[in-house]
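Student: Just a sequence and a predicted model for now, questions to come.
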Amino acid sequence: MTDTIDATVLIVGAGPAGATAAYFLARAGVDVLLVDQATFPRDKACGDSICSGAVEVLEKMGLSDWARLKGYAKNIGYRLSSPNGTMAFIPFPTQFSPYPNYLIPRREFDHTLVQHAVAAGAKLRENTRLTQFERFSPDLVRVSGTEGKTPVSLNAKLVIAADGSISPFSRRLGMVPGPADGLALRQYYRNVSGDPGLFELHWEKSVLPAYGYIFHMNDGIAVVGTGMFSKDQKRLKANIQERLTTFMSQNPYAREVLKNAEAISPVAGHPFRDDAELVKPYANNLMLVGDAAGTGHPMTGEGIGPAMLSAEIAAQTAIAALQKGDLSETGLAPYGQAFHKHFDGLHKISQLARTALTFPWMVDRTIQTCAKDQVFGAAMAGILAGIVSPGEMLKPGMVLKLIAG
Ligand SMILES: Cc1cc2nc3c(=O)[nH]c(=O)nc-3n(C[C@H](O)[C@H](O)[C@H](O)COP(=O)(O)OP(=O)(O)OC[C@H]3O[C@@H](n4cnc5c(N)ncnc54)[C@H](O)[C@@H]3O)c2cc1C
């Protein structure tokens, strides 16, 4: 074998996590190669909600003006409905964060991030699928796969796996507890009525314990979707695609806004992983970021902001480890500490909140309280926007509001 290095850091996957890590590394002068199996611009099944946490990282990357100036729809508020038909509208809660929540098609968002990383100095290799990881020495690792149909092997000192929820790296190396547990679908429609930036979430009886959503973009375009965890899918023998159709045809709010709508894309889906607290996101010469490390929010399904945040933290650790010349598990351990400090508590409380919302009476009570009480409603909107921890709802004042109904 040759021990020529193709890049100091090789990043597998150029989604939001990979492109963010590549940007921060390149900006610090690190020789970084970003590799993706796709050719950009490429689509990605997503609700396209770029939450405040993601916008905060965009600002650090110098991209927040791009999102603002392009005029993408900005979240104006949430229209929520419960199984018993109670409806609440909650304006977007600007009091918790200076950062807005945009709707940006992933085809444009991901491409912009990749271009930005390249402009900062990252090298890009597309149409290359990498699945094998081998370690030869403390500063030589190799990843192999195919470019089109041609076998390819690339050498680096450090690999960052940002290859999403079905990451071959994390699965093969035993760094995640099992396969991704969630599946989500979405489809684009045009001629949808509703203000741009309106986020609708409907806990329709027929799709419980999941909800259906309609996020209104500009020009009458909306993204419509739903999701489900495998445990519920098995228990209910549910077909998630049928559930999306059921949601659109049976939910009164969905029926109303979609009555003249026409589909402009096929239904697209992707697994979803949200088990960061059970993941070990680093090993010798290897780091996992984003969905590959289970960073998605267990209650809301938001994954872009958490993916970008984990990538930013990973890049900081990688820069420090490269400076020290220690890419061993010990040298990369500060990433694990920062990762778990951020994600563990949030994920545990979010899982609890998700379980609570599987009970229809709890959803009814929650949305009823949102409709009646502005403080409670704002906290709920903050949670849905990924700005407020679901732990807020366990504070005695909030519990009393919920009990009072
Ligand atoms: C239907 C649906 C709706 C969603 N809605 C939202 C939402 O509205 N807001 C939100 O914040 N999150 C949402 N999410 C979650 C969000 O899409 C993910 O959390 C986010 O994409 C994670 O980013 P990532 O960079 O970690 O992974 P990805 O975006 O999955 O990127 C991984 C990249 O790696 C590449 N890749 C994979 N394997 C290989 C390989 N072997 N070799 C080379 N390249 C490879 C892929 O081509 C891809 O470009 C949704 C998810 C789904 C499925």
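Tutor: Good, I have the coordinates.

Student: Outline the domain layout of this protein.
Tutor: Here the domain parsing of the chain from automatic domain parsing is 7-48+105-179+273-352, 183-271.

Student: Any idea which of the ones you listed gets closest to the ligand?
Tutor: Taking CB to the nearest ligand atom, domain 7-48+105-179+273-352 is the member of these nearest to the ligand, at 1.7 Å. The way it works is simple: take the backbone N, C-alpha and C, and place the C-beta from them, glycine included.

Student: just how off-centre is that closest one within its chain?
Tutor: Here domain 7-48+105-179+273-352 is found 13 Å from its chain centre; the criterion is CA atoms, centre = their mean, to the nearest Å.

Student: Now do the end-to-end distance for it.
Tutor: 42 Å (CA to CA, to the nearest Å).

Student: is the ligand contacted by that domain?
Tutor: Yes. Domain 7-48+105-179+273-352 reaches the ligand (CB under 6 Å from any ligand atom) through 12-18, 35-38, 44-48, 129-131, 162-164, 168, 290-292, 296, 301-305, 307.

Student: hmm, back to that, quick check: which of the domains of the chain is buried the most?
Tutor: Ranked by mean neighbour count, the domains of the chain are led by domain 7-48+105-179+273-352 with a mean of 21 (mean count of other CB atoms under 10 Å).

Student: helix or strand for Met349, which one?
Tutor: Quick fix: residue 349 reads Ile, not Met. helix 329-356 (DSSP states H and E).

Student: Let me know the secondary structure of Gln187.
Tutor: State at Gln187, reduced to three classes by DSSP: H, G, I helix; E, B strand; the rest coil: strand.

Student: Now do the helices in the stretch 1-150 of the chain.
Tutor: 16-27, 52-60, 64-69, 106-119 (DSSP state H, counting those that start in this stretch).

Student: Give me the distance between the helix holding Ile349 and the centre of its chain.
Tutor: Put simply, helix 329-356 sits 15 Å off its chain's centre (CA atoms, centre = their mean).

Student: Output the contacting helices and strands for that helix.
Tutor: strand 282-283, strand 286-288, helix 304-324 (3 or more CB pairs under 8 Å, 6 or more residues apart in numbering; DSSP states H and E).

Student: low-confidence ranges in the stretch 1-150 of the chain?
Tutor: 1-2 (pLDDT under 70).

Student: which stretches of it form strands?
Tutor: Per DSSP state E, counting those that start in this stretch, the stretch 1-150 of the chain carries strands over the ranges 7-12, 32-35, 49-50, 73-74, 77-81, 87-91, 102-103, 123-125, 128-137, 140-147, 150-161.
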